[in-house]
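Need a 3D model of the following:
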Amino acid sequence: MEYQIRTYQPEELAELAEFLNANLDYDSMSESLLKEKLEGDPVWEPEKALICHDGKKIIGFMQGVIRDIRGKRYGYIKLMAVEKSYRRKGVAKMLYEHLERSFKSDKVDVVRIYDVPMNYFMPGIDPRYTEALCFAIRMGFKRFGDANNMVVNLGAFDWDTAEEEKALKIHGIEVKRADVHEKQSVLEFVKEEWALWTHEIEMAFIDDPPSVHVASLHRVIKAFSAHNGNNKGTGWFGPMGTHPDLRGQGIGGILLKRCLKDMKQMGQKTAIIPWVDPIDFYAHSVNARVDRVFWRYEKLL
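Modelled structure (predicted):
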């Protein structure tokens, strides 16, 4: 039987969330989180959210998005899943070929899987999803790196930083929660070195109070940290950055702990630090542990 592909419709949100939860064994997807990944994407393209169906039944889903980064155009498979009883029947292949044609018409240079800057669900393929690995290999993707998520037990400490902040204040460095009126100043600072993080900062400023903390030297913002800026409500930390002039003074650790204290007060039991590069920093600062490893794949078009 030939399956049909069509675009996702907003009234299918609940049905699609149920489908994803039934077919993603190591992850869960609330309706609000799914909406964030779909319409909440900063470059939402409805025509690239594809549903494969057999009659009225959803049997496959694949969402594509595009990002222009440093002179190169990237296409991403942001979300994908196939009904378990329909696997190895060409459903994912059919969805991807449809999406790749769209990417080619949009002059995409490279296609990657999952690790979408600004708004993503996973930073790569969790290798326990063996079928996804096989799909990537069959479609011509090549593995080019790994990404790590770390987890923090929020009940382990009280995350108080008052004494550390007092020591910094002697040197003119003030650490505090960002005020909503400081949003533009924070965004301007972030754009200097971390332009790809601006969307997550904007999302963190939606919270009341903002889920953003800053360090200022003589009232000029020099460092920031945020949480709840991506995958809202799931305990995700980040992003975080410190100006080179103030690195090595423990500011990052203080800002990190302030966010963890926030999450603990919000009722979270654990915090997820995603897409980690400095594993030793997080392990030393807050006893974070590597929790999940993801394999990153790309295909040149």
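
what about the helices in the stretch 201-301 of the chain?
251-265, 279-286 (DSSP state H, counting those that start in this stretch).

now the ones you listed in a markdown table, with distance to R138 and mean neighbour count?
Using the backbone N, CA and C atoms, a C-beta is placed for each residue, glycine as well. Listed next are the helices of the stretch 201-301 of the chain as a markdown table, based on distance: least, CB to CB, whole Å; neighbours: other CB atoms under 10 Å:
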| stretch | distance to R138 | mean neighbour count |
| --- | --- | --- |
| helix 251-265 | 40 | 22 |
| helix 279-286 | 32 | 16 |
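
Now render the ones you listed as TSV, adding mean pLDDT.
Converted to TSV, the helices of the stretch 201-301 of the chain look like this (pLDDT from 0 to 100):
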stretch	mean pLDDT
helix 251-265	98
helix 279-286	96
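
Redo these as a markdown table? Include distance to I58.
As requested, these are exported to a markdown table (distance: least, CB to CB, whole Å):
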| stretch | distance to I58 |
| --- | --- |
| helix 251-265 | 34 |
| helix 279-286 | 38 |
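
what about A178, distance to Q184?
Distance, A178 to Q184, using CB to CB, to the nearest Å: 11 Å.

Tell me which of these two has more neighbours.
A178 (23 against 9; other CB atoms under 10 Å).

Quick check: phi and psi at the more buried one.
phi -70, psi 140 (degrees, to the nearest 10).

From Q184, how far off is A223?
A223 sits 17 Å away from Q184, going by CB to CB.

tally of neighbours for E174?
E174 - counted by other CB under 10 Å - has 13 other residues nearby.

Return the residues in contact with it.
E165, L168, A215, S216, R219 (CB atoms under 8 Å, 6 or more residues apart in numbering).

The host helix or strand of it: what's the following helix or strand?
E174 is part of strand 173-177 when elements are defined by DSSP states H and E. Of the helices and strands lying after strand 173-177 in sequence (DSSP H and E), the nearest is helix 183-193.

could you check the angle helix 251-265 makes with the strand holding E174?
20 degrees (axes from the mean of the first three to the mean of the last three CA atoms, to 10 degrees).

For strand 173-177, C-alpha coordinates in PDB please.
What follows is strand 173-177 as a C-alpha-only set of coordinates in PDB (Å, rounded to 0.1, in the frame of the first residue of the first chain):
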ATOM      1  CA  ILE A 173      31.300  43.200  40.200                       C
ATOM      2  CA  GLU A 174      27.600  42.900  41.000                       C
ATOM      3  CA  VAL A 175      25.600  39.700  40.400                       C
ATOM      4  CA  LYS A 176      21.800  39.700  40.300                       C
ATOM      5  CA  ARG A 177      18.700  38.600  38.500                       C
END
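
Okay, strands next: where are they in the stretch 201-301 of the chain?
212-217, 220-227, 237-242, 270-276, 289-300 (DSSP state E, counting those that start in this stretch).

who touches the first one?
Translated: strand 212-217. 168, 172-178, 182, 186, 201, 204-205, 221-226, 242, 245-246, 251, 254-255, 258-259.

Out of those, which end up buried?
For those, a burial check counting by 16 or more other CB atoms under 10 Å picks out 168, 173, 175, 178, 182, 186, 201, 204-205, 221-226, 242, 246, 251, 254-255, 258-259.

Among the helices of the stretch 201-301 of the chain, which comes closest to L95?
Closest approach to L95 among the helices of the stretch 201-301 of the chain (CB to CB): helix 279-286, 34.5 Å.

now that closest one against helix 251-265, angle please.
Using the same axes, to 10 degrees: helix 279-286 against helix 251-265 is 60 degrees.

residues in contact with helix 279-286?
Residues contacting helix 279-286 (CB under 8 Å, 6+ apart): 148, 150, 152, 157, 252-253, 256-257, 260, 273, 276, 288-290.

try stretch 187-204
By CB under 8 Å, 6+ apart, the list of residues contacting stretch 187-204 reads 42, 69, 117-119, 183, 186, 210-212, 221-222, 224, 226-230, 232, 238-239, 241, 243.

what sits against the residue nearest to D106 when sequence neighbours are not counted?
Of all residues not flanking D106 in the chain, I66 sits nearest, at 6.1 Å (CB to CB, 6 or more residues apart in numbering). Neighbouring residues of I66 by CB under 8 Å, 6+ apart: V43, E45, K48, R73, Y74, G75, Y76, F103, D106, V108.
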